[in-house]
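**Q** Take this sequence and fold it.
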Amino acid sequence: MDKGFIKLPRSFFDNKIWQAARAFSECEAWIDLIQAARFEASPTTSRIGCYEVTWERGQYPASNRFLAKKWGRSEQWVKSFLGKLKREKMITTDNGQGVNVITLVNFEKYNGEVMENPLNNSLCNPPNELTNSNLQKIVTHLVTQQVTHLLKEQPTSNPNNKKEENIKETTPNGVAKKDAAKAATLTRKDFFYQSLVPYVGKYPKDMIRAFFDYWSELNKSETKMRYELEKTWELPKRLVTWANREKIPTKSTTDIGVVLKDNSPDKYDSPQEKKWEDRWNR
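**A** You can find the predicted model right below:
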């Protein structure tokens with residue numbers, strides 16, 4: 001059967017099994033591009049880094065560096081993969097807004113509901129449907145295969161040869177599930193941190209840091225940040241409200257003073273936070 005669609009709920013991509021830490025295959029990366037592209041008909045505009053970027057239905061703004069982190073691959077792998085998709089006329093890219101915007105050429109085809117032959121869509125020939133549970137089993141199987149393959153290639157240094165224990169800790173059914181979910185959240189946390197960089201100078205660095213620490217606090221399951229639980233979110237307005245509450249005057253963008261670096265060891269909770277802080281201090 002080569003017609004029709006397999007219905008895939010978008011909520012599946014928020015599941016911790018899909019977000020499990022792994023190196024994406026080309027197939028998984030392609031599916032991720034389809035689900036990440038804007039579905040709504042109206043365009044949207046948002047600040048990404050220091051750029052105001054607008055994208056429309058079937059488009060997805062994402063740098064090679066961001067996709068490399070998201071897919072667990074190198075930037076060279078991402079560049080090569082996107083180049084292949086462009087040669088196959090599956091996507092186009094445009095960085096005219098300062099951020100690479102990927103356009104899926106046949107997005108309407110992937111998300112359309114009209115069949116070539118409506119007569120084929122009958123009770124005797126129903127469309128294929130996979131439940132969320134079945135999809136989870138499929139992804140679990142794929143991830144387990146990848147982990148097993150990596151374990152076979154990697155020499156063991158365990159003198160007691162606790163192979164079964166090691167596999168349990170790295171398979172999706174073990175501790176790695178929670179670690180993978182947290183890793184995905186930290187990737188979004190890094191993106192949130194980058195979005196605050198343009199405001200350093202307009203507001204005091206200490207205020208930006210306090211704002212970030214408050215709104216990036218993780219929930220108990222470590223799958224969402226505080227700001228992601230808000231029904232509405234406009235970063236510039238939130239910063240204004242925060243500054244007014246703290247009675248901090250905003251600075252002109254032309255009046256940016258010297259930012260002092262504080263690299264004391266006790267300042268950071270992790271090397272990642274020091275890396276973020278260094279980015280602000282540039």
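**Q** Residue 219 - nearest residue in space that isn't next to it in sequence?
**A** residue 229 (7.2 Å; CB to CB, 6 or more residues apart in numbering). C-beta here means a position set from N, CA and C on the backbone, and glycine is covered the same way.
**Q** so residue 83 sits in a helix?
**A** Yes - counting by DSSP: H, G, I helix; E, B strand; the rest coil, residue 83 is found in a helix.
**Q** Tell me how many other residues crowd it.
**A** 12 (other CB atoms under 10 Å).
**Q** mind checking how far it is from residue 107?
**A** As judged by CB to CB, to the nearest Å, residue 83 and residue 107 stand 19 Å apart.
**Q** so where's the stretch 101-250 of the chain uncertain?
**A** Applying pLDDT under 70 to the stretch 101-250 of the chain flags the ranges 112-178, 249-250.
**Q** can you give me the strands for it?
**A** 101-104, 128-129 (DSSP state E, counting those that start in this stretch).
**Q** List the pairing partners of the longest one within its sheet, with orientation.
**A** Read it as strand 101-104. Paired strands of strand 101-104, with direction, are strand 59-61 (antiparallel), strand 91-94 (antiparallel) (DSSP bridges).
**Q** what mean pLDDT does the last one have?
**A** What that stands for is strand 91-94. For strand 91-94, the per-residue pLDDT values average out at 95.
**Q** again, but for the shortest one
**A** Throughout strand 59-61, pLDDT has a mean value of 95.
**Q** Which residues outside that strand are in contact with it?
**A** With contact meaning CB atoms under 8 Å, 6 or more residues apart in numbering, strand 59-61 is reached by 33, 36-38, 48, 53, 55, 97, 99-104.
**Q** Show me which of the residues you listed is closest to residue 217.
**A** For those, the residue nearest residue 217 by CB to CB is residue 48; the value is 22.5 Å.
**Q** Please name the nearest non-neighbouring residue to the closest one.
**A** Residue 48 sits nearest to residue 99 (CB to CB, 6+ apart), 5.1 Å away.
**Q** Number of residues surrounding that neighbour?
**A** Neighbours around residue 99, by other CB under 10 Å: 18.
**Q** before we move on, what about residue 7?
**A** Neighbours of residue 7 using other CB under 10 Å come to 10.
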